[in-house]
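Provided below for reference: sequence and predicted model.
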Amino acid sequence: MVKDGGGIRPLIAGNWKMNGDKASVAEILAVRDALAGPLADLPADVMIAPPATLIAGFAAALGASPVLLAGQDCHPKPDGAHTGDIAAEMLRDAGAVAVIVGHSERRADHGETSSIVSEKAMAAHRAGLTAIVCIGETKDERTAGKTVAVVCGQLKDSLPASATSENTVIAYEPVWAIGTGLTPTPDDVKDVHAAIRSDLATLLGQEGTKMRILYGGSVKPDNAAVLMAVENVDGALVGGASLKASDFLAIVRTYEAKRC
Ligand code: PGA
């Protein structure tokens, strides 16, 4: 992934979760065709994280397209006796350039701690993949006024020493906003992203000032422009609305309006 010489080059990443099959290639080809045509000089990177079973086929179908592919999770180890798991190297071999780690659904459904997430991010770096590290508070944590403490704690514990602005992207995803249609206010997003930016600068120095911080959680065509305009929001991690090319492209087009 590349960045502009000046500011941070945004990223719009679609997380398909456990959805899609071989026929879904039509959606990704529609995104490819838009990026080859109407959106050819889009000042943002565009990525889809389909189920792992689809990555190789999608990579073959996409050819030399700017549409990037990502995995949704990886194991910390490069190989071995880990039935059902996928190594970062395998994702890379299939055609991925990035992998999501520490998504709240992985943290909740599979008991993944921030220290495991850090190992997975390190595995991504070892394999030459960008790690998209997800952090976010639950509804109870927000209500208790602990949002920034929780999010910044996860950030510190989930980031491996190998993290740079080139190989790591942060995705702030409030757990209560995922798949619910609810979103924080732009001011709330601004406050949390500012806290993440400040901690990244403390943890990583100059690299932290350049690292992309995505917002995720119920990003839709009708709220994307407002959310993407918030300071320190460098793109989106999109779940449900990434499954249909028309919705995903409507979100991607948010950045078309920002062309210089
Ligand atoms: P959503 O999911 O856009 O469907 O809320 C976001 C995510 O989980 O990454």
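That came in fine, so what should we check first? Residues are numbered from 1 along each chain as shown.

hmm, who's touching stretch 188-207?
Residues outside stretch 188-207 that contact it (CB atoms under 8 Å, 6 or more residues apart in numbering) are 135, 147-148, 151-152, 155-156, 159, 163-165, 170, 172, 183-184, 208-209, 211, 213, 215, 227, 230-233. C-beta here means a position set from N, CA and C on the backbone, and glycine is covered the same way.

From the residues you listed, which land in helices?
Thr147, Val148, Val151, Cys152, Leu155, Lys156, Gly208, Thr209, Leu227 (DSSP state H).

nearest to the ligand, of those residues?
Here the nearest of these to the ligand, counting by CB to the nearest ligand atom, is Leu227; it sits at 11.0 Å.

okay, now that closest one: neighbour count?
Neighbourhood size, Leu227 [other CB atoms under 10 Å]: 23.

Same check on the one 5 residues further on?
By the criterion of other CB under 10 Å, Asn232 has 20 neighbours.

Was I right to think it contacts Tyr215?
No - if you go by CB atoms under 8 Å, Asn232 and Tyr215 don't touch, sitting 9.3 Å apart.

Of the ones in helices among the contacts of stretch 188-207, grab the buried ones for ChimeraX.
Buried residues within those, by 16 or more other CB atoms under 10 Å, are selected in ChimeraX with:
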select :147,148,151,152,155,208,227
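
Between which two of the ones in helices among the contacts of stretch 188-207 is the distance greatest?
Across those, the longest distance by CB to CB is 24.7 Å; it joins Lys156 and Leu227.

got a markdown table for the ones in helices among the contacts of stretch 188-207, with distance to the ligand too?
Output for the ones in helices among the contacts of stretch 188-207, formatted as a markdown table (distance: CB to the nearest ligand atom, whole Å):
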| residue | distance to the ligand |
| --- | --- |
| Thr147 | 17 |
| Val148 | 20 |
| Val151 | 15 |
| Cys152 | 20 |
| Leu155 | 17 |
| Lys156 | 21 |
| Gly208 | 23 |
| Thr209 | 25 |
| Leu227 | 11 |
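
what about the helices in this protein?
Counting by DSSP H, the helices of the chain are 25-36, 52-62, 88-94, 104-109, 114-126, 139-143, 147-158, 186-204, 206-210, 224-228, 245-252.

Check which helices and strands the fourth one is in contact with.
To tie it back to what came earlier, the one meant is helix 104-109. For helix 104-109, there is no helix or strand it packs on, judged by 3 or more CB pairs under 8 Å, 6 or more residues apart in numbering; DSSP states H and E.

which residues are in contact with that helix?
Residues outside helix 104-109 that contact it (CB under 8 Å, 6+ apart): Lys17, Asp73, Glu112, Thr113, Val117, Cys134, Gly136, Glu173, Val175, Ile178.

rerun at 10 Å
Applying CB atoms under 10 Å, 6 or more residues apart in numbering, the contact partners of helix 104-109 are 15, 17-18, 72-73, 100, 103, 112-114, 116-117, 120, 134-138, 154, 158, 171, 173-179, 216-217, 239.

Can you list the buried residues in that helix?
Ser104, Glu105, Arg106, Arg107.

ok, now the fifth one?
Neighbour counts over helix 114-126 (16+ other CB under 10 Å) mark Ser114, Ile116, Val117, Ser118, Glu119, Lys120, Ala121, Met122, Ala123, Ala124, His125, Arg126 as buried.

Repeat that for the longest one.
Residues of helix 186-204 classed as buried: 186, 189-193, 195-197, 199-200, 203-204 (neighbour count, 16+ other CB under 10 Å).

For this protein, which residue gets nearest to the ligand?
Gly239 (2.1 Å).

could you dump stretch 37-57 to CSV, C-alpha only?
Coordinates of each C-alpha in stretch 37-57 appear next as CSV, following Å, rounded to 0.1, in the frame of the first residue of the first chain:
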residue,chain,number,x,y,z
GLY,A,37,-13.1,3.7,-15.0
PRO,A,38,-15.1,6.4,-13.2
LEU,A,39,-12.9,6.2,-10.0
ALA,A,40,-9.6,5.7,-11.8
ASP,A,41,-7.8,8.5,-9.9
LEU,A,42,-9.4,8.0,-6.5
PRO,A,43,-7.1,9.4,-3.8
ALA,A,44,-7.7,6.4,-1.6
ASP,A,45,-6.8,2.7,-1.4
VAL,A,46,-9.6,0.2,-1.7
MET,A,47,-9.6,-3.3,-0.2
ILE,A,48,-11.9,-6.2,0.3
ALA,A,49,-11.5,-8.9,3.0
PRO,A,50,-13.5,-11.9,1.7
PRO,A,51,-13.7,-15.3,3.4
ALA,A,52,-10.3,-17.0,3.0
THR,A,53,-11.7,-19.6,0.7
LEU,A,54,-12.4,-16.9,-1.9
ILE,A,55,-9.1,-15.0,-1.8
ALA,A,56,-7.2,-17.0,-4.4
GLY,A,57,-10.1,-17.0,-6.9
